[in-house]
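Asker: Fold the following and give me the result.
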Amino acid sequence: YAHSSSELRARVLRSFALLSYQLPGLIVGSLTRTSIQHAVDSGVDAAAIVAYLERNAHPLMAAQTPVLPETVVNQIHLWAKERSRMAADRCKLYDAFNSLRRFDEACTYAREIGAHLWSRRFPEERNLHKCSLAVRAEAHGSMKSFLRAAA
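Answerer: Predicted coordinates:
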């Protein structure tokens, strides 16, 4: 609920909330997954939404610490993060290692140069063929040189 007759305030709220009613002096709306994600897609981040709600809280709520319930703040951030859970990167996959030690060295080197994206390691030598390392595509030359030098 927002106790306001301001059309501007209603428009701001509409940018991240699903408004149900707009009465004289009262705006009724809900924060929904869809409304938060629409706001994020429009360039409004979760921190800005939370800050707006805290700044414009009713005086009785503003007197509380924290102003907004932690579960509400966490849910806003979770819904916003759903849009950025996965990123696609061009990469090179390495999977033909001759020992677990060599695989571990390659993973360490990839982390040191900031190229490590993902790796999967199995503890037994018999599963060496299942070990895989993905690195950023632009680091392929460095990785290739590293792997050849130690071979």
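Asker: Give me the phi and psi for D41.
Answerer: phi -60, psi -30 (degrees, to the nearest 10).
Asker: swap that for C131, please
Answerer: phi -70, psi 130.
Asker: Let me know the average pLDDT across the helix or strand hosting Y21.
Answerer: Per DSSP states H and E: Y21 is located in strand 18-23. Averaging pLDDT along strand 18-23 gives 93.
Asker: Same question for stretch 31-50.
Answerer: 94.
Asker: ends of it, how far apart?
Answerer: 11 Å (C-alpha to C-alpha, to the nearest Å).
Asker: any residues touching that stretch, and which ones?
Answerer: 15-18, 68, 72-73, 75-77, 79-83 (C-beta atoms under 8 Å, 6 or more residues apart in numbering). For glycine as for every other residue, the C-beta is placed from the backbone atoms N, C-alpha and C.
Asker: May I ask which two of these are separated the most?
Answerer: The most widely separated members of these, counting by C-beta to C-beta, are L68 and R83 (21.1 Å).
Asker: So those two - more neighbours on which side?
Answerer: The neighbour comparison of L68 against R83 (other C-beta atoms under 10 Å) goes to L68, with 16 against 11.
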